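Visitor: okay, here's the prediction I keep looking at, along with the sequence it came from:
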Amino acid sequence: MTGKKIYFLTLSLVVMAIVGCGGSSNQGLSGSIGQTAKPTGKLGTAIIQGIVMLKGKPPVEPIIHMGADPICVAAHSKPVHAQTVVVGKNGGLANVFVYVSKGITGTYASPSTPVTLLQKGCMYIPHVLGMMVNQPLDIINEDATLHNVHAMPKINAPFNVAQPTQGMSTTETFSKPEIMIPIKCDVHSWMRGYIGVVSNPFYGVSNSMGHFKITQLPAGTYTLTAWQEAYGTQSQSITITSGQTQGVTFTFNSSSSKK
């Protein structure tokens, strides 16, 4: 059997499995957006300006082989590498979820503005994203091929949503904080990503140079935690005053990979 025949047979089985499991594009919309109680959390004027670095030689990320789906292949003019460890020219580590894990008091209203997860070029963009509890997550298929988003949380309700057509959009939510929620596409096995869900707005994701920023933090003493999919987590305590901009550095060691 040729590769293309195997791919389309797999695609058909995935569609039937999703339909059979009752996959719904509205599963995450059963609850209302926002908090049921009046928010009591306060915003402040302090800023954390941070960077995440990788010490040591970064691993060579394998090339993703997309040949089973010609639409995926046509979307790229150059080889595509896995995104488990993405390091900038400055040694900065991308796709690290950084959040205040201890010290926040009060409750914060969930934004009505959605965060967006794109399926583009048969990859999840962004690879790692952050959002608040009950904030809308807009999932959009920009490819002319079947995708599905299979969320696999341990605390929240899972969902598995098929998007067979280009331009299709689905909205989901998560009702509880959870660090981190893996997502995958059952059609294209290389498509993987992670979502960090928190109960306050004090979080960020490091960019291609390893930089992140957390704003409007009230004065106080907090535990700041950084999560990276290959290297696990690191935490440090910070004390910050009103109006202060404080620099923070996390350094992961390339020899300490969990894999």
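Guide: Yes, it's here. Numbering: from 1, shown residues only.
Visitor: tell me who's in contact with Leu224.
Guide: Counting by C-beta atoms under 8 Å, 6 or more residues apart in numbering, Leu224 touches 48, 50, 98-101, 235-238, 248. Glycine gets a C-beta too; all of them are placed from N, C-alpha and C.
Visitor: show me what the helix or strand hosting Ile139 is packed against.
Guide: Here Ile139 sits within strand 137-141, counting by DSSP states H and E. Contacts defined by 3 or more C-beta pairs under 8 Å, 6 or more residues apart in numbering; DSSP states H and E place strand 137-141 against strand 115-120, strand 159-163, strand 169-172.
Visitor: give me the distance between the two termini of stretch 214-234.
Guide: Counting by C-alpha to C-alpha, to the nearest Å, you get 17 Å between the two ends of stretch 214-234.
Visitor: what about the strands in the stretch 151-259 of the chain?
Guide: 159-163, 169-172, 178-184, 192-198, 203-205, 211-217, 220-228, 232-240, 245-253 (DSSP state E, counting those that start in this stretch).
Visitor: mind listing what's buried along the shortest one?
Guide: It stands for strand 203-205. 203-205 (16 or more other C-beta atoms under 10 Å).
Visitor: got a list of contacts for that strand?
Guide: Strand 203-205 is contacted from outside by 50, 95-100, 126, 128-130, 196, 212-214, using C-beta under 8 Å, 6+ apart.
Visitor: okay, among the residues you listed, which ones form the most distant pair?
Guide: Maximum pairwise distance among these (C-beta to C-beta): 20.3 Å, between Val100 and Pro126.
Visitor: so what's the residue lying closest to Lys89 once chain neighbours are set aside up against?
Guide: If the residues on either side of it in the chain are set aside, Lys89 comes closest to Met209, at 7.9 Å by C-beta to C-beta, 6 or more residues apart in numbering. Contact analysis of Met209 by C-beta under 8 Å, 6+ apart lists 51, 88-90, 92, 94.
Visitor: show me those that map onto strands.
Guide: Under the assignment DSSP state E, the contacts of Met209 contribute Ile51 to strands.
Visitor: quick check: the farthest pair among the contacts of Met209?
Guide: For these, the farthest-apart pair by C-beta to C-beta is Ile51 and Lys89; their separation is 13.4 Å.
Visitor: with neighbour numbers in mind, choose between the two.
Guide: Ile51 (21 against 7; other C-beta atoms under 10 Å).
Visitor: any idea which helix or strand carries Asn148?
Guide: Judged by DSSP H and E, Asn148 forms part of strand 147-151.
Visitor: just the buried residues of that strand, please?
Guide: Of the residues in strand 147-151, 147-151 count as buried by neighbour count, 16+ other C-beta under 10 Å.
Visitor: show me what it is in contact with.
Guide: Here strand 147-151 has contacts from 14, 18, 23, 117, 119, 122, 139, 141, 158-163, 170, 172, 181-188, 191, 195, using C-beta under 8 Å, 6+ apart.
Visitor: now those: which count as buried?
Guide: Applying 16+ other C-beta under 10 Å to those, the neighbour count classes 14, 18, 23, 117, 119, 122, 139, 141, 159-163, 170, 172, 181, 183-188, 191, 195 as buried.
Visitor: still on that earlier bit, using JSON lines, lay out the helices and strands packed on strand 137-141 together with mean pLDDT.
Guide: Shown next, in JSON lines, are the helices and strands packed on strand 137-141 (pLDDT from 0 to 100):
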{"stretch": "strand 115-120", "mean pLDDT": "98"}
{"stretch": "strand 159-163", "mean pLDDT": "95"}
{"stretch": "strand 169-172", "mean pLDDT": "97"}
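Visitor: out of those strands, nearest to Lys55?
Guide: strand 115-120 (30.7 Å).
Visitor: secondary structure element for Ile71?
Guide: Using DSSP H and E, Ile71 sits within helix 70-74.
Visitor: looks like Val56 contacts Tyr231 (just checking).
Guide: That one is not Val; residue 56 is Gly. No: if you go by C-beta atoms under 8 Å, Gly56 and Tyr231 don't touch, sitting 10.8 Å apart.
Visitor: nothing else from me, thank you.
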